[in-house]
Structure formats: structure tokens, C-alpha cells
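K.L.:
Predicted model follows, preceded by the sequence.
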Amino acid sequence: MATETYDPLTDPRADNWDAGGYDTITTVSSAKNVLAVGAVSDAVYGGQRNVSSASMTSFSAWGPTDDGRVKPDIVASGIALYSCTAVSDVSYASYSGTSMATAVVSGAAALLVEYHNSLFPGQYMRSCMLKGLILHSADDLGPAGPDYQYGWGCSTLRRLPSNCVLIKGCRAHIAWLKLL
């Protein structure tokens, strides 16, 4: 049986190695149909959205997955977000992390699901539709197109076309989505 000696200069880092390099995404974040969220600095400058001011955080993991898929799927602001704490009913503090960025994306997802439910009462939005709307409305960051640092880009619902077609499953049930 042939063996090979590990050479850190030529071989990729071990899975889950977390020091800011590629292939640092955790196994849980690469599960099938998971929406993995990375964190960037705020994409707002002077009260206006300025996606060029967003930069990668030191604690956000990068892809690819072992089978080559793009991860994270999307990034959002994850530095110094003002949030409630468990100290009291009126206690707030600033936090940073991919968990904070995930809350930003989750809020956008909740708005899309709520809007879909208002159009199609009693019908559930398919997860693939929700993921597609979130990813394809992102502002691109880094190299053009999806990449292993920023995924499809920085989360925003503003890039959804004003007349975005919502198709319910594989049926030809179409409604026009008017956001913003």
C-alpha cells in the first residue's frame, strides 16, 4: 500500500481549519440545502448602502466544500450589530459574528415568506425558491460571480426586480412581486 507524507506547503489544510484560509467551512455548514451565511463589515457608509465598503471579517469561514460547492452561500453585515441581551427586558449590546449576519439574512427570508403567504394563502413557499430569491438578489462582492469567500454576494432585497416572478413549485402559478 502506497502512503504519502503530508506537506503543508503543497497540500490543502485539514477540514475545519479556521485561521482565515480557504476550505475552512465546517461540516455542518456544508450540508445539503443549507444556506450558509458569512459575515462582512457593514455595507453602509454615511447612511447609504455602499457595497464596496463591505469587507470580509477575520472570523468568517470560506469554501469550497470537499465536493467543490460554493460556500458560504451569501454574506451579510456581521460586525457590531446592536441586539438585545439576556440580562434584562431592556438590555442591549453590540455583537459581532456570523450568527449576527445570519439574523440579517433570516429577517430578509421571513419578509419574503410573509409576502408569499399574502399572495398564496395556505400555500408554502418552497425552500429552493426562497434560497434562489435570496442568492440571486445579492450584491456581488469579490471576484465576479459566485466565489468561495463571499458566495453569491452581500444580502439585499433591493436587487429583486420590481416585477419578480414567483412560481409556486412546478405549477404555472405566477404572481408579480412588488418589493420596495
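P.N.:
Sure, I can see it.

K.L.:
Distance check, the residue most central in space within the chain against residue 152.
P.N.:
By Cα atoms, centre = their mean, the chain has its centre lying nearest to residue 74, at 2.6 Å. Noted for residue 74: a distance of 6 Å to residue 152, by Cβ to Cβ, to the nearest Å. To be clear about C-beta, it is placed using only N, CA and C from the backbone, and glycine gets the same treatment.

K.L.:
Mind listing the shared neighbours of the two?
P.N.:
135, 138 (Cβ atoms under 8 Å, 6 or more residues apart in numbering).

K.L.:
Could you pull out the strands in this structure for me?
P.N.:
In the chain, the strands defined using DSSP state E lie at 37-40, 44-45, 48-49, 74-77, 81-84, 92-95, 164-167, 174-177.

K.L.:
what does the first one rub up against?
P.N.:
The contact list for strand 37-40 (Cβ under 8 Å, 6+ apart) reads 54-57, 59-62, 72-79, 96-98, 100-102, 104-105, 141, 149-151, 154-155.

K.L.:
And the residues you listed, which of them are buried?
P.N.:
For the contacts of strand 37-40, a burial check counting by 16 or more other Cβ atoms under 10 Å picks out 54, 56-57, 60-62, 72-79, 96, 98, 100-102, 104-105, 141, 149-151, 154-155.

K.L.:
just checking, what packs against the single longest helix found in the chain?
P.N.:
Looking across the chain with DSSP state H, the single longest helix is helix 98-119. Packing partners of helix 98-119 (3 or more Cβ pairs under 8 Å, 6 or more residues apart in numbering; DSSP states H and E): strand 37-40, strand 74-77, strand 81-84, helix 127-136, strand 174-177.

K.L.:
Can I get the longest one as CSV, trimmed to CA atoms?
P.N.:
In this case it means helix 127-136. What follows is helix 127-136 as a C-alpha-only set of coordinates in CSV (Å, rounded to 0.1, in the frame of the first residue of the first chain):
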residue,chain,number,x,y,z
SER,A,127,-37.2,26.3,0.2
CYS,A,128,-35.5,26.3,-3.2
MET,A,129,-37.5,29.4,-4.3
LEU,A,130,-36.6,31.2,-1.1
LYS,A,131,-32.9,30.3,-1.4
GLY,A,132,-32.9,31.3,-5.1
LEU,A,133,-34.5,34.7,-4.4
ILE,A,134,-32.0,35.4,-1.6
LEU,A,135,-28.9,34.4,-3.6
HIS,A,136,-29.9,35.9,-6.9
